[in-house]
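K.L.:
give me the fold of what follows.
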Amino acid sequence: MRHRTVAGKISYTSTKPGWEGRERGREWFAFTHHHDGSTIMRARCEIEEPEPTVLRDIVYHIGPGMVPRHLLVHLTLGDEFLGSGWMRHDAEAGRIVCESFGPSIGRNSENKPVNGAFDGFGTHPVVGDGYLSRAINTGLGPHRRDLRVFLPSPDHRGATPPRIAEVRIALEYVGEEELTVAAGTFVCRHFRFVDDSGDGMGGKTHPDYDVWVTADDDAVLVYGAIDGYMMNRYELVDLER
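P.N.:
Prediction:
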């Protein structure tokens, strides 16, 4: 086999009163890096707080050069089926298609033009956020650029039936730092997602979101922090390479 696999687990905790340091969810992930430069990301996410609970399964295919290919998503909300769907980026035609189903939306079929360059699919697992940081050129030093992404849900927890949603968000490269977490000590690149679009994601402004990812091409999320109304923390607790 010519592929290489990176896998691990991330613990979700909180700084909310009464939840300080308690695990509020978890995420298991695996990246399969293929010899042709393509990557498949798989993630299973469990969110227990806030209610209703969310269970998310994701498979995301990224082609050579970080070109998004397709995304599979299955969602359970409060232990009941919420929806499932498939999004595909047809790079030659410059279009994104979505086929999905959910009890509240029935059968959904969409075919929309991309209208220019974009940076990837937003997937909602936090490892996907870390990997998206590869879209910024850290060789330029600390700076900021705007990202354009397509998501199956603009909800901050991704807890709506899959439909095509476009989101623009700024990404800042802060610099390189060493960080120690449960999985070990890592040299990291520190980034910050900033939602200053005015419209917000899903009509609600997302609080600033700091992430630290391994300072290599794997770009594994080591730690994440969101304050504001969310007050969430994400910590890498296991890693196999």
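
K.L.:
any buried residues in the helix or strand that contains residue 69, and which?
P.N.:
Assigned by DSSP states H and E, residue 69 belongs to strand 67-77. Within strand 67-77, the residues scored as buried using 16 or more other Cβ atoms under 10 Å are 68-77. Every C-beta, even on glycine, is put in place using the N, C-alpha and C of the backbone.

K.L.:
pull that strand out as CSV, backbone CA atoms only.
P.N.:
The C-alpha coordinates for strand 67-77 follow below in CSV (Å, rounded to 0.1, in the frame of the first residue of the first chain):
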residue,chain,number,x,y,z
VAL,A,67,-8.8,20.9,-4.5
PRO,A,68,-12.0,19.7,-2.8
ARG,A,69,-13.6,16.7,-4.6
HIS,A,70,-16.6,15.4,-2.6
LEU,A,71,-18.0,15.3,0.9
LEU,A,72,-20.3,12.7,2.6
VAL,A,73,-22.2,13.6,5.8
HIS,A,74,-24.6,11.8,8.1
LEU,A,75,-26.2,13.7,11.0
THR,A,76,-28.1,12.6,14.1
LEU,A,77,-29.7,15.2,16.4
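
K.L.:
for residue 95, grab phi and psi.
P.N.:
phi -140, psi 160 (degrees, to the nearest 10).

K.L.:
who's it bridged to?
P.N.:
residue 90, residue 113 (DSSP bridges).

K.L.:
what residues are up against it?
P.N.:
89, 111-114 (Cβ atoms under 8 Å, 6 or more residues apart in numbering).

K.L.:
scan those and report the most crowded one.
P.N.:
residue 89 (22 neighbours; other Cβ atoms under 10 Å).

K.L.:
for the residue lying closest to it once chain neighbours are set aside, give me its contacts.
P.N.:
Nearest residue to residue 89 in three dimensions, chain neighbours excluded: residue 68, at 4.9 Å (Cβ to Cβ, 6 or more residues apart in numbering). By Cβ under 8 Å, 6+ apart, residue 68 lies in contact with 60-62, 89, 118, 120-121, 150.

K.L.:
in terms of pLDDT, where does residue 68 sit?
P.N.:
Looking at residue 68, its pLDDT stands at 96.

K.L.:
distance check, it against residue 114.
P.N.:
10 Å (Cβ to Cβ, to the nearest Å).

K.L.:
now do the shared contacts for the two.
P.N.:
By Cβ under 8 Å, 6+ apart, the residues touching both residue 68 and residue 114 are residue 89.

K.L.:
run through this protein and note the low-pLDDT ranges.
P.N.:
Across the chain, the ranges flagged by pLDDT under 70 are 198, 200-202.

K.L.:
and the helices in it, which stretches?
P.N.:
126-132 (DSSP state H).

K.L.:
output the contacting helices and strands for the longest strand along it.
P.N.:
Ranked by residue count and defined by DSSP state E, the top strand of the chain is strand 165-181. Secondary-structure packing of strand 165-181 (3 or more Cβ pairs under 8 Å, 6 or more residues apart in numbering; DSSP states H and E): strand 143-151, strand 184-194, strand 209-214, strand 221-226, strand 232-240.

K.L.:
could you rerun that using 10 Å?
P.N.:
Applying 3 or more Cβ pairs under 10 Å, 6 or more residues apart in numbering; DSSP states H and E, one finds that strand 165-181 contacts helix 126-132, strand 143-151, strand 184-194, strand 209-214, strand 221-226, strand 232-240.
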